[in-house]
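Colleague: Here is my input, please return the structure:
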Amino acid sequence: MFSIPGKQAVTITPAAAAQIVKLMQRDDRAGLRIGVKKGGCAGMEYTMDYVEEADPNDEIVEQDGARVMIAPMAQMFLFGTEIDYEISLLESGFKFRNPNVVDACGCGESIKFADLETLQAQQQ
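Modeller: Coordinates of the predicted model:
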């Protein structure tokens with residue numbers, strides 16, 4: 001598991017926390033698990049899933065009543081990320097401001113990370 005003592009893996013804005021709490025209460029869930037998977041035109045995509053309970057290897061971040069679990073394989077890629085929830089005229093949804101992303105596709109759904117060695121060096 002990747003973590004730095006005393007520092008949360010991700011931060012959650014008040015808008016995102018309110019939306020996560022609303023989703024948790026509406027569907028009676030333990031929280032949301034976020035991760036990354038291969039896909040999209042830039043190589044990787046974020047994932048978000050409801051969870052009934054945390055996996056023992058999840059990194060758990062709790063803020064303002066919201067609970068986010070970070071899948072073990074995603075912890076290194078998401079460290080330092082701010083999760084926000086934005087509403088505009090055309091769309092609404094969670095936005096990830098991730099300092100580890102080096103490129104993103106035009107639609108914003110697909111991202112590319114620095115190579116593993118670079119990520120590890122930056123986060124130490």
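Colleague: Going along the chain, name the helices of the protein.
Modeller: Along the chain, the segments classed as helices by DSSP state H run 14-26, 75-78, 116-122.
Colleague: Only the buried residues of the first one, if you could.
Modeller: Spelled out, it's helix 14-26. For helix 14-26, the buried set under the neighbour-count rule, 16 or more other C-beta atoms under 10 Å, comprises 16-17, 19-21, 24. Every residue, glycine included, has its C-beta placed from N, CA and C.
Colleague: need the helix or strand of this protein with the lowest average pLDDT.
Modeller: helix 116-122 (a mean of 49; mean pLDDT, DSSP states H and E).
Colleague: what's across from the residue nearest the centre of the chain in the sheet?
Modeller: For the chain, the residue sitting closest to the mean C-alpha position, by C-alpha atoms, centre = their mean, is I34 at 4.8 Å. Under DSSP bridges, the beta-bridge partners of I34 are M48, I70.
Colleague: Low-confidence ranges, this structure, go.
Modeller: 1-7, 42, 105-111, 114-124 (pLDDT under 70).
Colleague: burial measure for M73, as a count.
Modeller: Taking other C-beta atoms under 10 Å as the neighbour definition, M73 ends up with a count of 11.
Colleague: Give me the neighbour count for V51.
Modeller: A count of nearby residues for V51, using other C-beta under 10 Å, gives 17.
Colleague: Next up, the contacts around it.
Modeller: Listed by C-beta atoms under 8 Å, 6 or more residues apart in numbering, the contact set of V51 reads 29-33, 69.
Colleague: Let me see the backbone angles for the residue lying farthest from the centre of the chain.
Modeller: Distance from the C-alpha centroid of the chain peaks at L89, with 23.8 Å (C-alpha atoms, centre = their mean). L89 adopts backbone torsions of phi -60, psi -30, taken as degrees, to the nearest 10.
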